[in-house]
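J.: Got a predicted structure here, sequence first:
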Amino acid sequence: MANSYFVQQTSSGEPVVVGDVKVYPVARSYRINFPGNQGGILWNRPLAVIVEDSQGSRQVIPVQDRTRQLQVGILLAGLFGTILTWLILRQSRSFKQKKENTNNG
Amino acid sequence: MDKVVKGPGNAGGVNLHQTMDDINSTMKAFIDSASVDRVYGAPVEVGEIKIIPAAENLVVMGFGAGSGYGTTEFESDEETPKKGDGMGEGGGGGGGGGGRTLSRPVAVVIASPEGVRVEPVADRTKVIMAAITAAGFVAGMFLRMMRGPKSL
């Protein structure tokens, strides 16, 4: 049954025929097996579709997860904004301190 | 995986065996669910166009099982056996588990005789929640920094 704690698997399904072209769906799964065969975590996601025309040439169209891209982008922008704000405030405080020292001394 | 604990009289053995069978069959279904069929739905035909929905899913599950068996012996010091002398035995077993499946649409594949294209599906609620979280984090950090360092 479960031999490894982490398994990554890419699988392709039956083609969907539309006119002269065949569309093969491709998915990727990541599985974490808990020790002792006592459960696990499984993440299935679409990876791409392979389009094969009548002459046999193939084209890979990736399936992009727009929601995840936006989520990660927004969270990274928030992190970057925080670091930028911290740097600006630190510079501003340092400048103010130097100015006060010059006026006092 | 026939991990069946059996004591004399088979106490507790039947329950644990049943539990382990249930766990094994559920684990097999769990492993089998790592397939392309779980990600892409059946094509929907609209005229000459075929639309294939694609979703990601996350499955989390866990189990536990256990059993115990014990014997006890009571004998009085006197030579003649008294009422209450003898041997007792007992056992029990059981198990439990739980799991959760999360799923959300990612994209739709639109296949027509003119060509194939993939249209992503953006979940507006999740994006707005991420924006609120990020804005709250930035605002909180900004206010904290504006207060300056804590004096002792």
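T.: Received the coordinates, thanks.
J.: number of nearby residues for the residue of chain A found nearest chain B?
T.: Using C-beta to the nearest C-beta, the single residue of chain A nearest to chain B is residue A:78, 2.9 Å away. C-betas here are computed from N, CA, C, even on glycine. Residue A:78 has 20 neighbours, counted by other C-beta atoms under 10 Å in any protein chain shown.
J.: you'd agree it is in a helix?
T.: Yes - judged by DSSP: H, G, I helix; E, B strand; the rest coil, residue A:78 forms part of a helix.
J.: ok, and the closest non-adjacent residue to it?
T.: Sequence neighbours aside, residue B:134 is the residue nearest to residue A:78 in space, at 2.9 Å (criterion: C-beta to C-beta, 6 or more residues apart in numbering or on different chains).
J.: I'd assumed residue A:71 was in contact with that neighbour.
T.: No - between residue B:134 and residue A:71 there is no contact under C-beta atoms under 8 Å: 9.4 Å.
J.: Tell me the confidence at the residue of chain A closest to chain B?
T.: Here, the pLDDT recorded for residue A:78 equals 90.
J.: just the helices in chain B please.
T.: Using DSSP state H, the helices of chain B run over B:13-32, B:124-147.
J.: how many neighbours does the residue nearest to residue B:41 when sequence neighbours are not counted have?
T.: Sequence neighbours aside, residue B:53 is the residue nearest to residue B:41 in space, at 4.1 Å (criterion: C-beta to C-beta, 6+ apart). Look at residue B:53: counted by other C-beta under 10 Å, it has 17 neighbours.
J.: Hmm, residue B:53 is touching residue B:110, no?
T.: No - under the criterion of C-beta under 8 Å, residue B:53 makes no contact with residue B:110, lying 10.5 Å away.
J.: Dead centre of chain B: give me the residue that sits there.
T.: Chain B has residue B:61 as the residue nearest its centroid, 1.3 Å off, counting by C-alpha atoms, centre = their mean.
J.: Distance of it relative to chain A?
T.: Per C-beta to the nearest C-beta, to the nearest Å, residue B:61 is found 5 Å from chain A.
J.: Just list the residues touching that residue, thanks.
T.: A:39-40, B:26, B:30, B:97-100 (C-beta atoms under 8 Å, 6 or more residues apart in numbering or on different chains).
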